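Trainee: Predicted model, plus sequence, below.
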Amino acid sequence: MPKYTYIALDARGAETKGSIEAGSQNEAISRVKDMQLFPTKISEADKEDKSASKKAKAKPAAKGKGGKKGGMSMNISIPGFGGKVKPKVLTTFTRQLATLVDAGLPLLRGLRVLEKQERSPVLKRILGELAGSIEGGSTFSEALAQHPKTFNKLFVNMVKAGEIGGVLEVVLKRLAEFSEKAQKIKAKVKAAMFYPTAVMIVAVGIMILLMCFVVPKFKDVFAGMGVKMPGFTVFVMATSDLIKNNILATLGVIVVIVVMFMLFIKTKFGRLVWDKFQLKMPAIGPVISKVAISRFTRTLGTLVSSGVPILQALVIVRETAGNVVIANAVNKVHESVKEGETITAPLEGSGVFPPMVISMVDVGEQTGALPEMLIRIADDYDEQVDNAVAAMTSLLEPIMIIFLAVIVGSIVIAMFLPLIAMITNLSGDDSGGKD
């Protein structure tokens with residue numbers, strides 16, 4: 001009779017390992033459940049050394065049988081398939097699961113509880129599939145990896161490290177905190193960009209309204225009066241005719257420019273140019289730079305403190321950097337660490353990270369407290385982001401007001417210049433007649 005090794009959770013959530021003899025994997029699962037345990041992984045002892053690809057092929061077949069004979073819910077999910085879960089919803093789920101696991105509830109039961117109360121239909125379906133995968137013998141990280149659109153590599157690898165170290169509840173808490181801080185920073189930047197975006201939309205709307213409806217009225221009036229128009233007025237009216245008579249072509253040109261820009265930044269070279277430009281933009285550049293540094297340090301610090309190996313953590317940070325310039329710097333750090341060197345030298349050579357960050361990372365490496373130092377840097381930069389966003393907002397407000405005033409004021413002045421010239425001529429004629 002084949003021998004099966006199992007990893008299971010008891011009623012208190014404690015992990016238990018052992019081996020049993022059974023005729024099949026389904027029978028082994030049933031026997032483990034009869035022992036009042038919740039199996040998270042069951043595999044045949046003499047097949048544990050097989051390659052991961054063979055296991056992946058064998059696992060769906062085992063789950064299919066379990067769904068029919070074992071009476072368990074076996075949901076087989078297709079990697080990459082499914083809808084999108086909002087970051088805020090995913091953060092709430094992570095925090096709730098961390099609380100349940102920390103309270104001693106078994107992981108499987110916690111997933112089932114959250115599945116019942118979840119309002120998002122997409123996440124509800126995914127939670128059911130996660131629970132089904134765990135019931136079929138997969139680990140939590142393996143089940144998460146089947147949904148790459150919902151759970152990124154950062155999430156999966158941190159959970160995997162938590163499973164290996166037996167500190168899953170701690171890792172889930174760190175993930176929740178990480179997500180909450182990331183959402184907070186993102187919300188602040190979005191709020192800061194709302195005002196200039198709104199002003200730009202209003203400015204474009206007013207300009208189109210003036211050019212298509214107001215300026216043509218003045219043109220008809222001036223044509224009937226036979227007034228000689230100044231050059232600036234002629235230019236504004238010609239622009240008005242161009243926009244009014246070619247509105248579809250104008251919109252088409254705008255769409256083409258936007259599409260070409262989007263295609264350009266999707267190329268490797270275009271993305272590098274755009275990301276460099278973002279970091280050097282006046283007012284906005286410092287905010288983007290601080291957000292990128294905060295994200296880099298917090299991600300790396302969270303991964304390393306959760307037990308993820310440094311090289312693997314750097315690969316994940318590189319893929320989730322969100323900026324090609326930062327990603328290239330992280331890649332140089334990865335190559336340096338791979339050769340047995342320190343993190344500090346490539347960070348300094350990148351020209352992206354300030355001296356303060358480099359010094360604190362250097363101290364963290366020398367004292368063996370790199371994760372704590374990285375988190376401290378991230379917290380410090382989160383505060384700097386708050387100050388930078390406030391400064392950017394206070395600077396952009398007068399700039400955008402002046403911009404709107406210049407656009408509207410220029411069109412108004414262009415329309416009144418002929419009237420002023422006409423009034424001046426009439427005044428001259430009156431004074432000449434008196435003399």
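Mentor: Sure thing, it's come through.

Trainee: how about the residue most central in space within the chain, secondary structure?
Mentor: Nearest to the mean C-alpha position of the chain, by Cα atoms, centre = their mean, lies G322 at 7.6 Å. Recorded secondary structure, G322: coil (DSSP: H, G, I helix; E, B strand; the rest coil).

Trainee: just checking, L417 touches P230?
Mentor: Yes - in this structure, L417 is within contact of P230 by Cβ atoms under 8 Å, at 4.7 Å. Where C-beta positions appear, they are placed from N, C-alpha and C, glycine not excepted.

Trainee: Enumerate every residue touching N323.
Mentor: Taking Cβ atoms under 8 Å, 6 or more residues apart in numbering, we find N323 in contact with 275, 278-279, 288, 292.

Trainee: whoops, S336 was the one
Mentor: Here S336 is in contact with 342-343, 345-346 (Cβ under 8 Å, 6+ apart).

Trainee: Among the residues you listed, which one sits closest to T197?
Mentor: P346 (36.5 Å; Cβ to Cβ).

Trainee: so which strand or helix has the closest one?
Mentor: Element membership for P346, per DSSP states H and E: helix 344-350.

Trainee: List the buried residues in that helix.
Mentor: Across helix 344-350, burial judged by 16 or more other Cβ atoms under 10 Å covers 344, 346-348, 350.

Trainee: Please convert those to TSV, extending it with distance to P106 and pLDDT.
Mentor: Output for the buried residues of helix 344-350, formatted as TSV (distance: Cβ to Cβ, whole Å; pLDDT from 0 to 100):
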residue	distance to P106	pLDDT
T344	43	82
P346	44	81
L347	42	81
E348	47	81
S350	45	73
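
Trainee: What about T250, how many residues nearby?
Mentor: T250 is flanked by 14 other residues according to other Cβ atoms under 10 Å.

Trainee: My guess is it contacts I243. True?
Mentor: Yes - look at T250 against I243 with Cβ under 8 Å: they come within range, at 5.7 Å.

Trainee: Rounded mean pLDDT for the lengthiest helix in the chain, please.
Mentor: Ordering each helix of the chain by length in residues (DSSP state H) puts helix 370-434 first. Mean pLDDT, helix 370-434: 79.

Trainee: So which other helices or strands are in contact with that helix?
Mentor: Judged by 3 or more Cβ pairs under 8 Å, 6 or more residues apart in numbering; DSSP states H and E, the packing partners of helix 370-434 are helix 168-209, helix 215-225, helix 231-245, helix 284-305, helix 355-367.

Trainee: and the fourth one, how far from the chain's centre?
Mentor: It refers to helix 284-305. How far helix 284-305 lies from its chain's middle: 12 Å, per Cα atoms, centre = their mean, to the nearest Å.
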